[in-house]
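Enquirer: quick check, what structure comes out for this input:
(3 chains)
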Amino acid sequence: MVQRNTSREYVRTFFTSPTAVEEDDTAKMLRKAGELRGMQAPDVWVPDNEDATAPSMRDEGIENIIDVISEHGQDFPGEIHPRMVWHRDDPETRRQGFEHMMQLAGSDEDVIEHIDGFVIPEVGSLDDWKKADEFITMVEAEHGLEEGSLSMSPIVESGEAEIAMSRLNDEIGKHSNNLERLFLLVDGEVDYTKDMRAMTPTGAQPPWAELRHNTSRAASASGLIAVDGPYDDIRDVKGYRQRMTDNRAKGMLGIWSLTPGQVVEANKAPLPAEEGSYLLEIDGETVELDRVDEGYHEYTGDDVELEELGDGTYRLRIGQDERELDEDELHQELLDQTQYVMSMDDYVDSMEEFEEAKAGGKGAISMTRTATLILDGTEVQVTRDRMWDEATYQAAQTPVSLFQEVYEARPDQQDELEDMYGEDVVDRAMQVG
Amino acid sequence: MVQRNTSREYVRTFFTSPTAVEEDDTAKMLRKAGELRGMQAPDVWVPDNEDATAPSMRDEGIENIIDVISEHGQDFPGEIHPRMVWHRDDPETRRQGFEHMMQLAGSDEDVIEHIDGFVIPEVGSLDDWKKADEFITMVEAEHGLEEGSLSMSPIVESGEAEIAMSRLNDEIGKHSNNLERLFLLVDGEVDYTKDMRAMTPTGAQPPWAELRHNTSRAASASGLIAVDGPYDDIRDVKGYRQRMTDNRAKGMLGIWSLTPGQVVEANKAPLPAEEGSYLLEIDGETVELDRVDEGYHEYTGDDVELEELGDGTYRLRIGQDERELDEDELHQELLDQTQYVMSMDDYVDSMEEFEEAKAGGKGAISMTRTATLILDGTEVQVTRDRMWDEATYQAAQTPVSLFQEVYEARPDQQDELEDMYGEDVVDRAMQVG
Amino acid sequence: MVQRNTSREYVRTFFTSPTAVEEDDTAKMLRKAGELRGMQAPDVWVPDNEDATAPSMRDEGIENIIDVISEHGQDFPGEIHPRMVWHRDDPETRRQGFEHMMQLAGSDEDVIEHIDGFVIPEVGSLDDWKKADEFITMVEAEHGLEEGSLSMSPIVESGEAEIAMSRLNDEIGKHSNNLERLFLLVDGEVDYTKDMRAMTPTGAQPPWAELRHNTSRAASASGLIAVDGPYDDIRDVKGYRQRMTDNRAKGMLGIWSLTPGQVVEANKAPLPAEEGSYLLEIDGETVELDRVDEGYHEYTGDDVELEELGDGTYRLRIGQDERELDEDELHQELLDQTQYVMSMDDYVDSMEEFEEAKAGGKGAISMTRTATLILDGTEVQVTRDRMWDEATYQAAQTPVSLFQEVYEARPDQQDELEDMYGEDVVDRAMQVG
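Expert: Numbering: from 1, shown residues only, chains lettered A, B, ... in the order given. Model prediction:
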């Protein structure tokens, strides 16, 4: 397994700021971003000297980056990875990207010390990735930095780059490059859509499920971190969350954020829930029940009817599906139609219990969870058994070790995390695994 | 970026004709196809000497191709790419394909001059692609044609060929081959299904989403053109259109056509709409509103109710979702639930406006579009703002530059295009971008 | 095309048994599995010395494998492929896997003779696959077995292994390895999910559609057999069947089975149906009609209404879609909304008919199938024509040749197959193709 040189195992948020805008203080946006703290501050902050900044302002953008990082770099709670200009088809753009990196590194020791790496957009085949890598090596040599100490995070926004990702493993580790510096693999769906010449009737972005899979797979294969591209509709919080849920099912735990509001959402999204909840499936759609009290979850819509018919039989209608059931069948049916979303507390409890059992020589234990569902005004107790074995335990570690890393790496978020989960749960969560 | 030798950047239609049928005139189908003009004539016409023609008729098929191309090749408005026999697992078939190509090239100068390239089915790994390439190189050498002047369009109908596509970039451009001649990457789902040993309960074709993605991606990475396979149910125009919409969201802009009727559909499908339209989302399904007048779009079904309750509040029901809203909330809700499909006119307007703004030094402008929706008999004005920046502008270029190429490359379709869009819009569309 | 050394072309079932459990007879589970016969016996039986067996019991597991195979190996009706320990990141585990294989091969001639190959979990890049291959070559050399005679079936449970599959074709056949021994490509979604760091709200497995596609594609490209991973919810027979239907549409015909009950389901699932059936599409969902008599299929729900209005017109409502139709339109509408699932009998009939037509020089024939649908109490005759050409015929061969191989390779299932289909149909099915 290739040893990466970067410090983070998880990146939730990739937040871009224009490096120069048409205002009296052209560094205004950059300066504001540099002051973000807590849940509003991203894991990776990207002063964006490419698409977010007008071409004519990009030289000034470099000056602004130097200026703002000198001032805020020391205290910024996340990593800092400026995006340079680059294009697989344009040597002039590549040369400009090289010069900008040289300029940033040569400016002042305080600046390059706080720059963790560079984001390189519009890469093509691996030979193109190697050109960027070589320029960064030169920057390091020129300024006395350790080889490989600056990371590189390419934006995958062409079919060529997508294909390149599947070859990474053959190239990382070769003596002739320093691709161990790779850190994030970031999808850039807007330009990817253009490169693929894709069209949709309404101009909405295609879902690009395969691209996201391939990015996540390449990250997994080479010990990198996969990050999804921007979600343009800033007001659409529900859609942004849905996208992140979909991404996590692909192993893509990070996402681009365009505003501090999106940063907050994306910083929280991959963390375990504060409260457990029940999901009910109605005609193929999933509805979350209202948690009315500790252990009580109520469905308040019109799509469920539950009536006791006497003699221990029940009539249950869920959506279009109606049936008569005895008590056992009712319990089974409700088990089948509901799913439980674990809270942080549940994760910690279950992991502790499994660790204890394992220490006692057991390979698998049954975890029991009982809740009262309130359906059509009637209370029904549902008891759910789940076998926990090594594999279940390992799977649970993904969200918990993400939490642990966040808590360690982001002292500025510790208060908010303790407010969310309670100090006791946080303490125990930091011990398990 | 590899320089392709072929002339078209876009291919909408790939129309196959059997080269010999059991009739008095065995060239009957071929002859009829050669006379197609306008929207009925494909961008790429494929005299099909493989699966569409019985094995026993294929030598005669070659004679027929010579005969019909001599007569119609000069005037046929699209490119001509006959499909030869070939099989990755059968040297005898490959030799026969080679001889047929030699025969076509050696027949008569008028024939090979009008043949733009060859379609090679049933290819396997890249080594197999290179064998076909080498034979075409020999054909060129033998008949004094420039090396690489005949294009080659493989049919991807095996897992092996699908994998091969992801390596193309490593091979195109090598001195030892002429793979720069590659033109189309065409999926062949019928034989692919057999090769993959896939089965569905009803015998329907699996959707093969990943194959189409991989084909489109390879085309993007190597500057080729992706074409989807045949849609067998000729009567099912709605299904054919749906498939093409799905393909375009993958960047696959071309499709096989089995009849002149399908050619018409597929020639029109990737072009911008004649009229803009509104889509309304009802319980997860998308419905197109009726355009009743310039700027007026009506929903006539039973799934929407809109009632003014007085005091500036409204009751809106869309499908199963009912709520009371004030005027602003109503406007916002309708914005969220509707989407606009741009017409050619809209594209041209917006691109012109953006070009003007850019010339004036602006990087992004807001485009406003107002329409009146008629829901449950009530008129509601909806105003939609959309930010246009360089990326939006670039994305809009895909359909418009496709249109521009079609208009230039297909003089036989110009009248129909002018009838569709109006001369004024066509003139302006030819200027933007 | 690479020549595989293994005997089966199709594998429906991959059944794992723990090699040692905490009971008086630690080989109890293994012994019970070794006695399975008929539909309960898998095509590939996997004594599982990895995840199903506690780490502390694995040395004893090897003893148990030797013991049980000595006793049952001769008579077991399927192939036997024990799963060894292995890990791409852990040399100690690899060495242990090597020693266990040596031990199995050196134990007693009766044992290795009945072992068809080894299952190797947790593989990484192809270099890692080659290490396992090399160890098996050493095992063969040490014990006088023919090189390549033991097969190897890797479990794909990392992004690295998924990528490796797309390179297989470049490596199989090289003098420096014996990768021709590859047999199954088995997905392992539990550990894959962990390796990809994927999470879902409820802990359910992500669908991993792309992984399954890539596995099936690699199997197709290299003449191997694709097998899906375990389906944990043993009680959920409907879900298991749905997963297998989905897999078959991807060309993945085999699946892991955790219990003899799952083996029965998975042995039957890819075989043609005993009876033909009609599917009706209602608002996007597919419902199977009840077969009430030979050729009569009834819909008994509330979602269809059919009323004769007189004058040869009908009112038909299917779900939310209601319309008035004349007799021809009604027939067409029902053709469009229904699909037929062919029985084994239908396959054999149609293939025989096509073979006869082909012998008589015809390339395509129309097959007609008439049935009576009973909708809302009204009987309607529906006649469906389907063109059969060489491609249709070839596609039909996948299920039929699977059946033929099963019938030949599994004498212990012949009685059950004859009971299912009738002797006459079985006899004819063994002749076609």
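Enquirer: for residue A:232, helix, strand, or coil?
Expert: Under the three-state scheme (DSSP: H, G, I helix; E, B strand; the rest coil), the conformation of residue A:232 reads as coil.
Enquirer: now it. Its backbone dihedrals?
Expert: Backbone geometry at residue A:232, expressed as degrees, to the nearest 10, gives phi -70, psi -30.
Enquirer: enumerate the residues of chain A near chain C.
Expert: With Cβ under 8 Å from any Cβ of the partner chain as the criterion, chain A comes near chain C at residues A:1, A:166, A:169, A:209-210, A:213-214, A:216-221, A:245, A:248-251, A:253, A:270, A:273, A:279, A:336, A:339-342, A:363, A:390-392, A:394-399. For the C-beta atoms, the positions are set from N, CA and C on the backbone; glycine is no exception.
Enquirer: narrow those to those that are buried.
Expert: A:166, A:169, A:210, A:213-214, A:216-221, A:248-251, A:253, A:270, A:273, A:279, A:339-342, A:363, A:391-392, A:395-399 (16 or more other Cβ atoms under 10 Å in any protein chain shown).
Enquirer: what sits up against the lengthiest helix in chain A?
Expert: Determined from DSSP state H, the single longest helix within chain A is helix A:390-409. If you take Cβ atoms under 8 Å, 6 or more residues apart in numbering or on different chains as the criterion, helix A:390-409 is touched by A:7-10, A:12, A:43, A:253, A:267, A:270-272, A:344, A:347-348, A:350-351, A:354-355, A:358, A:363, A:386, A:413-414, A:417, A:426, A:429-430, A:432-433, C:51, C:190-191, C:193-194, C:197-199, C:203.
Enquirer: ok, of those, which come out buried?
Expert: Using 16+ other Cβ under 10 Å as the burial test, the contacts of helix A:390-409 include A:8, A:10, A:12, A:43, A:253, A:267, A:270-272, A:344, A:347-348, A:350-351, A:354, A:358, A:363, A:413, A:417, A:426, A:429, A:432-433, C:51, C:190-191, C:193-194, C:197-199, C:203 as buried.
Enquirer: among these, which lie within helices?
Expert: Those of these lying in helices (DSSP H): A:267, A:344, A:347-348, A:350-351, A:354, A:358, A:417, A:426, A:429, C:190-191, C:193-194.
Enquirer: check pLDDT for those residues and point me to the minimum.
Expert: Checking pLDDT across these, the minimum falls on residue A:358 at 86.
Enquirer: how close does that residue sit to chain B?
Expert: Relative to chain B, residue A:358 is positioned 39 Å away (Cβ to the nearest Cβ, to the nearest Å).
Enquirer: who are the packing partners of the host helix or strand of residue A:291?
Expert: Here residue A:291 is covered by strand A:290-293, with elements defined by DSSP states H and E. For strand A:290-293, the elements it packs on are strand A:296-299, judged by 3 or more Cβ pairs under 8 Å, 6 or more residues apart in numbering or on different chains; DSSP states H and E.
Enquirer: contacts for the strand it packs on next, please.
Expert: Residues outside strand A:296-299 that contact it (Cβ under 8 Å, 6+ apart) are A:277-278, A:280, A:287, A:289-292, A:371-376, A:379.
Enquirer: at 6 Å instead, please
Expert: By Cβ atoms under 6 Å, 6 or more residues apart in numbering or on different chains, the residues outside strand A:296-299 that reach it are A:278, A:280, A:289, A:290, A:291, A:292, A:371, A:372, A:373, A:374, A:375.
Enquirer: list the buried residues for it?
Expert: Of the residues in strand A:296-299, those buried by neighbour count under the rule 16+ other Cβ under 10 Å are A:297, A:298, A:299.
Enquirer: just to revisit the earlier point, CA atoms of the strand holding residue A:291 as CSV?
Expert: Presented in CSV, the C-alpha positions along strand A:290-293 are these (Å, rounded to 0.1, in the frame of the first residue of the first chain):
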residue,chain,number,x,y,z
ASP,A,290,-41.4,11.5,14.0
ARG,A,291,-39.6,10.8,17.2
VAL,A,292,-42.2,11.9,19.8
ASP,A,293,-40.4,10.6,22.9
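Enquirer: need the contact partners of it.
Expert: Outside of strand A:290-293, the residues within contact range by Cβ under 6 Å, 6+ apart are A:275, A:297, A:298.
Enquirer: next: stretch A:192-204.
Expert: Surrounding stretch A:192-204, the residues in contact under the criterion Cβ under 6 Å, 6+ apart are A:157-158, A:206, B:216, B:220, B:248-249, B:251, B:339, B:341, B:394-395, B:398-399.
Enquirer: same question for stretch A:118-131.
Expert: Among residues not part of stretch A:118-131, those counted as contacts by Cβ under 6 Å, 6+ apart are A:46, A:50, A:81, A:83-84, A:86-88, A:132, A:152-155, A:160-161, A:164, A:167, A:171, A:177, B:169.
Enquirer: one more pass at 7 Å, please.
Expert: With Cβ atoms under 7 Å, 6 or more residues apart in numbering or on different chains as the contact definition, stretch A:118-131 has outside contacts at A:46, A:50, A:81-84, A:86-88, A:94, A:101, A:132, A:136, A:150, A:152-155, A:157-158, A:160-161, A:164, A:167, A:171, A:177, A:188, A:191, B:169.
Enquirer: quick one, what contacts the residue nearest the centre of chain A?
Expert: Nearest to the mean C-alpha position of chain A, by Cα atoms, centre = their mean, lies residue A:254 at 2.2 Å. By Cβ under 7 Å, 6+ apart, the contact list for residue A:254 reads A:11, A:12, A:13, A:14, A:225, A:226, A:227, A:228.
Enquirer: local confidence estimate at residue A:185?
Expert: Confidence per residue is given as pLDDT, and for residue A:185 that number is 98.
Enquirer: and the helix or strand encompassing it, which strands flank it?
Expert: Assigned by DSSP H and E, residue A:185 belongs to strand A:184-187. Here the strand partners of strand A:184-187, with direction, are listed using DSSP bridges: strand A:151-156 (parallel), strand A:225-228 (parallel).
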